[in-house]
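# just coords:
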Ligand code: BMP
């Protein structure tokens, strides 16, 4: 079954915890990034991990030189189960994060995923990212990252990237608020893959009901 990752881009702790509690029956993983961490504190990652017991993906889209990527990865991956990085900055920046993840795996005994963005879901990605996204997908394969990010807003591109990277799970944002259609995307995604859904769930009147709708569609 394709999994559901909730993008928890809300701006205060109470709202975040309420949504986690109300949706946790239907969500497989929670993605936490700048909006929530910058409006609370970094330890919100640990708090949500402890409360939800779900897989927590830290979405800081690391795009820096290796030493800086390493620092951000160490701080966030300590409690999270995975981290999202940009590939366009080059192999060395990703390898640095993979090294941190391996060390933390040894230290904590928990799996730490390094996830690489190939092509983003928003319209602006067409100009600079889409022209190199095949190469980024090839690079993800070469580095054997744990998952890649590819767009639900462009099912043809999603399929194309899937054809390049056959054996690495895809995490796919863009369904709902960005206009991507779940039925089209589910023809492409497979068992180990995830869809990421944020606003359609956390901005809805009843986030639990909305998460349940996605859960049923994924089944
Ligand atoms: P929403 O369903 O509200 O559009 O949220 C999508 C989430 O996925 C956001 O957290 C966004 O930052 C993230 N995301 C994306 O939308 N497109 C990408 O290409 C990569 C992302 O991480």
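Thanks, I have it. Here the structure is a predicted model, which is why all the values come from computation and not from measurement.

# hey, let's count contacts and neighbours off CA atoms from now on
OK.

# how about the longest strand along the chain and the ligand, any contact?
Longest strand in the chain, counting residues (DSSP state E): strand 55-62. No: Strand 55-62 does not reach the ligand (Cα under 6 Å from any ligand atom); its nearest approach is 6.6 Å.

# after that strand, which helix or strand is next?
Next helix or strand after strand 55-62 toward the C-terminus (DSSP states H and E): helix 66-77.

# can you point out the buried residues in that next one?
Using 16 or more other Cα atoms under 10 Å as the test for burial, helix 66-77 gives 66, 69-70, 72-74, 76-77.

# again with stretch 118-138
Here stretch 118-138 shows 118-121, 129-130, 133-137 as buried, counting by 16+ other Cα under 10 Å.

# mind checking the end-to-end distance for it?
End-to-end distance of stretch 118-138 (Cα to Cα, to the nearest Å): 9 Å.

# what's next to that stretch, contact-wise?
Identification of contacts with stretch 118-138 by Cα atoms under 8 Å, 6 or more residues apart in numbering yields 86-88, 117, 140, 148-154, 161, 164-165, 173-174, 178.

# give me the distance between that stretch and the centre of its chain.
16 Å (Cα atoms, centre = their mean, to the nearest Å).

# for it, what is the average pLDDT?
In this model, stretch 118-138 has an average pLDDT of 98.

# now do the SS call for residue 210.
Following DSSP: H, G, I helix; E, B strand; the rest coil, we place residue 210 in the helix state.

# typo on my end, it should be residue 171
strand.

# for it, list each beta-bridge partner.
Residue 171 forms beta bridges with residue 149, residue 194, as assigned by DSSP bridges.

# so which of the buried residues of stretch 118-138 reach the ligand?
120-121.

# which members of the buried residues of stretch 118-138 occur in strands, if any?
Short answer: the buried residues of stretch 118-138 have none in strands (DSSP E).

# rewinding a little: buried residues, the longest strand of the chain. List them.
Neighbour count says strand 55-62 has 55-62 buried, by 16+ other Cα under 10 Å.

# count of neighbours near residue 200?
18 (other Cα atoms under 10 Å).

# which outside residues touch the longest helix seen in the chain?
Across the chain, the longest stretch assigned as helix under DSSP state H is helix 91-108. Applying Cα under 8 Å, 6+ apart, the contact partners of helix 91-108 are 63-67, 69-70, 73-74, 77-78, 85-87, 110-114, 139, 143.

# rounded mean pLDDT for that helix, please.
98.

# how far away is the residue of the chain found nearest the ligand from residue 51?
Using Cα to the nearest ligand atom, the closest approach of the chain to the ligand is made by residue 120 at 3.0 Å. According to Cα to Cα, residue 120 and residue 51 sit 30 Å apart.

# can you map out the helices along this structure?
Counting by DSSP H, the helices of the chain are 13-23, 34-39, 44-52, 66-77, 91-108, 125-128, 133-143, 155-164, 182-186, 199-202, 207-218.
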